[in-house]
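Visitor: I would like to see how this sequence folds:
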Amino acid sequence: MPRLLAALLAALLLVGCRPDPEEPVPARPASVQPAAPTADAERVLAANLGRILAYADSIESALRPVPLLTPAQGRAFDRFNNAAQLAAARRLGVPQPVSNELRDRLLTEGRLVRLEDSEYWAVRDLDHSTALVTPDVVALLEEIGERFHERLDGLGLPRLRMEVTSVLRTAADQADLRRTNPNAARGASTHQFGTTVDVAYSSFRAPLEPVLAFETEGAEWLEPHLRRMEVLAAETGAARMSRELQAELGHVLRAMQDEGKVMVTMEVRQPVYHMTVARRY
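Guide: Numbering: from 1, shown residues only. Coordinates of the predicted model:
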């Protein structure tokens with residue numbers, strides 16, 4: 001295990017266990033959280049830190065033999081350009097322009113739905129878009145997630161989740177984004193129709209549910225801090241092997257593109273798979 005990860009894990013625990021000086025500290029029973037480290041706390045930390053480091057190691061070890069995408073495989077994502085994806089978005093998406101009033105009506109009618117975190121994906125904090133999509137996109141992401149998890153299961157990996165980085169944009173959102181992102185389309189964007197999401201291929205989220213079993217007897221108050229360390233270990237291991245995970249997700253996307261379910265662009269300046277639903281679900 002890289003020393004950097006071990007240092008990050010230790011630092012996270014120290015920060016997580018130390019009260020924030022800016023926040024009031026609620027009264028805690030002495031039996032819930034001791035005022036100072038105890039022999040039990042040191043024992044629990046030592047025992048479980050080994051489990052956490054081994055967990056991150058196992059992710060790297062399982063992914064190390066995975067071949068990266070070849071140039072030919074990468075070119076499969078040049079198949080549908082922005083014009084082709086825009087045509088599908090106009091056919092399958094919501095009417096334009098999307099005002100706040102129209103957005104609320106589309107939500108009430110069920111033509112747009114909120115994209116919530118799930119066992120297959122997590123939505124990043126969004127700056128230039130809103131986590132709203134058509135129901136077809138939710139169904140598409142669920143199928144992608146199921147197939148991605150099947151590949152992870154076959155490698156003996158935890159069920160890492162995709163990270164959604166961009167969703168529904170208004171025309172104003174698109175214009176604002178264009179000032180900082182050269183990949184942002186001129187004119188109408190597929191993101192304006194609720195049919196398109198960007199999914200990172202340089203980072204993946206930890207599984208929704210805990211993976212490790214911790215022994216915390218005598219220092220139960222350490223449990224939430226250990227869980228934070230577990231999440232960090234999974235996401236650090238995944239980030240170190242992101243190119244292998246990019247390939248695994250790419251195999252799923254290429255197959256589903258061939259099946260006529262999705263149109264995908266593998267962007268370079270922004271490390272995301274830009275994907276537009278290609279048919280009704």
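Visitor: Next up, identify which helix or strand residue 139 is on.
Guide: helix 135-154 (DSSP states H and E).
Visitor: The next helix-or-strand element following that helix to helix 135-154, inter-axis angle?
Guide: Where DSSP H and E defines the elements, the next helix or strand beyond helix 135-154 is strand 162-166. Per axes from the mean of the first three to the mean of the last three C-alpha atoms, to 10 degrees, the angle that strand 162-166 makes with helix 135-154 is 150 degrees.
Visitor: how many neighbours does residue 260 have?
Guide: For residue 260, the count of nearby residues is 9 (other C-beta atoms under 10 Å). Backbone N, C-alpha and C define where each C-beta goes, glycine included.
Visitor: ugh, typo on my part, it should be residue 108
Guide: Residue 108, neighbours per other C-beta under 10 Å, totals 9.
Visitor: Assess the claim that residue 53 and residue 232 are in contact.
Guide: No - judged on C-beta atoms under 8 Å, residue 53 makes no contact with residue 232 at a distance of 11.2 Å.
Visitor: Would you mark the buried spots in stretch 117-124?
Guide: The neighbour-count check on stretch 117-124 (16 or more other C-beta atoms under 10 Å) flags 120, 121, 122, 123, 124 as buried.
Visitor: Could you list which of those residues belong to strands?
Guide: Residues of the buried residues of stretch 117-124 located in strands (DSSP state E): 121, 122, 123.
Visitor: Reformat the residues you listed into JSON lines and put pLDDT next to each item.
Guide: JSON lines is the format used below for those (pLDDT from 0 to 100):
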{"residue": "121", "pLDDT": "98"}
{"residue": "122", "pLDDT": "98"}
{"residue": "123", "pLDDT": "98"}
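Visitor: Serialize these to JSON lines and add fields for distance to residue 68.
Guide: Below are these laid out as JSON lines (distance: C-beta to C-beta, whole Å):
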{"residue": "121", "distance to residue 68": "23"}
{"residue": "122", "distance to residue 68": "24"}
{"residue": "123", "distance to residue 68": "27"}
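Visitor: re the thing from before, name the helices or strands packed onto the helix holding residue 139?
Guide: Under the contact criterion of 3 or more C-beta pairs under 8 Å, 6 or more residues apart in numbering; DSSP states H and E, helix 135-154 touches strand 162-166, strand 196-200, helix 242-258, strand 272-277.
Visitor: which stretches of the stretch 101-250 of the chain have low pLDDT?
Guide: Applying pLDDT under 70 to the stretch 101-250 of the chain flags residues 172-187.
Visitor: Find the residue at the geometric middle of this structure.
Guide: Closest to where the C-alpha atoms of the chain average out (C-alpha atoms, centre = their mean) is residue 163, at 1.8 Å.
Visitor: Go ahead and confirm that residue touches residue 201.
Guide: No - Residue 163 is not in contact with residue 201 according to C-beta under 8 Å; the separation is 9.1 Å.
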